[in-house]
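Asker: pasting the sequence and the predicted model now:
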Amino acid sequence: MNMEWKSIRLFPIPSIIYLIHNNVQFATLTYVDPSTYQIMGNLKIVTTGILFRFFLKRKLTTLQWMAIVLLTIGTTTSQILVVKGCGEASCDSLFSAPIQGYMLGLLSACLSALAGVYTEYLMKKNNDSLYWQNVQLYTFGVIFNMARLIVDDFRVEFENGPWWQRLLNGYTVTTWLVVLNLGSSGLLVSWLMKYADNIVKVYSTSMAMLLTMLLSIFLFGLKLTLQLFLGIIICMISLHMYFAPPHMLVDLPVTAKMATDNLKEIAIERRVES
């Protein structure tokens, strides 16, 4: 029972981190335009790799670090000038925000990476059921957000009534479908955290974003630009660099190959003799 309590009491931490992160995101948008915010969000790819290395003690090869940097460049490239001009913002407005906006954007990237890495740590800490771990994780998230709603109600002196009376106001069939989709995505992310890792999650998220852009071309008439095309190519190269075996990325010298073959032959001969 004592060990179970020690395990449960760790689950409020990622909920608190996500709560702070969500508020930092809104604070960042008060200083930067949406285009800059979207591009700065790609910093979480690098911060995830850094925390993945130092917090979870997972060593990454030089090629894998290069792949992570390439993924950041690829996603950023695909988001710049996706539509004619610079998207919804003017070209002059990109990266012309106050320094507070950039500091908050960096903090948001660090918090996002920290929450993801810590959640992976919790998921792999024991052999509990994935669904029981999800219940623990999301229960604390519900409690903290409920507390925030209660504080907001007291702040306005219940002007609009208690939050539970208007919680589902405006919900339509489409809204419930979005909720179902996000809930299913959350379960899939949990599977990734438990049986894969945060880097796989980062790559899947980035590839999903690029797939969304491609679908937008056919569904919403998004104009395919050179930047989007190059971004997709860079991301695909990054994907191959990170997950492909090293011998597929680097050609070994002929002498090295011969030495390896000789060692294999010697090992086989020894097994036959024994």
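Answerer: Structure received.

Asker: and for Ser185, the neighbour number?
Answerer: Neighbouring residues of Ser185 were enumerated by other C-beta atoms under 10 Å; the total is 12. For every residue, glycine as well, the C-beta is placed using N, CA and C.

Asker: could you verify that Lys223 is part of a strand?
Answerer: No - residue state for Lys223 (DSSP: H, G, I helix; E, B strand; the rest coil) corresponds to coil; a strand is not indicated.

Asker: what's the local residue count around it?
Answerer: 10.

Asker: also Val173?
Answerer: Val173 has 7 neighbours, counted by other C-beta under 10 Å.

Asker: per-residue pLDDT, it?
Answerer: Val173 is assigned 92 on the pLDDT scale.

Asker: same check, this time on Trp191
Answerer: On the pLDDT scale, Trp191 gets 89.

Asker: in which helix or strand would I find it?
Answerer: helix 173-195 (DSSP states H and E).

Asker: starting at the chain centroid, how far to that helix?
Answerer: Centroid displacement of helix 173-195 relative to its chain, using C-alpha atoms, centre = their mean, to the nearest Å, is 14 Å.

Asker: if you count neighbours, what's buried in it?
Answerer: Using 16 or more other C-beta atoms under 10 Å as the burial criterion, the residues of helix 173-195 that qualify are Val189, Ser190, Leu192, Met193, Lys194.

Asker: please save the CA atoms from that helix in CSV.
Answerer: Included here for helix 173-195 are C-alpha records, laid out as CSV according to Å, rounded to 0.1, in the frame of the first residue of the first chain:
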residue,chain,number,x,y,z
VAL,A,173,-22.3,16.6,-32.5
THR,A,174,-19.2,18.1,-34.0
THR,A,175,-17.9,19.1,-30.6
TRP,A,176,-18.4,15.6,-29.3
LEU,A,177,-16.6,14.1,-32.3
VAL,A,178,-13.7,16.4,-31.6
VAL,A,179,-13.7,15.2,-27.9
LEU,A,180,-13.8,11.6,-29.0
ASN,A,181,-10.9,12.2,-31.4
LEU,A,182,-8.8,13.9,-28.8
GLY,A,183,-9.6,11.2,-26.3
SER,A,184,-8.5,8.5,-28.7
SER,A,185,-5.4,10.5,-29.6
GLY,A,186,-4.6,10.7,-25.8
LEU,A,187,-4.8,7.0,-25.5
LEU,A,188,-2.5,6.5,-28.5
VAL,A,189,0.0,8.9,-27.0
SER,A,190,-0.1,6.9,-23.7
TRP,A,191,0.8,3.8,-25.7
LEU,A,192,3.7,5.6,-27.2
MET,A,193,4.9,6.8,-23.8
LYS,A,194,4.7,3.3,-22.3
TYR,A,195,6.0,1.2,-25.1
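
Asker: now do the next helix or strand after that helix: which elements does it pack against?
Answerer: If you walk from helix 173-195 toward the C-terminus, the next helix or strand you reach (DSSP H and E) is helix 198-219. Where contact means 3 or more C-beta pairs under 8 Å, 6 or more residues apart in numbering; DSSP states H and E, helix 198-219 is packed against helix 43-54, helix 62-79, helix 99-125, helix 173-195, helix 226-243.
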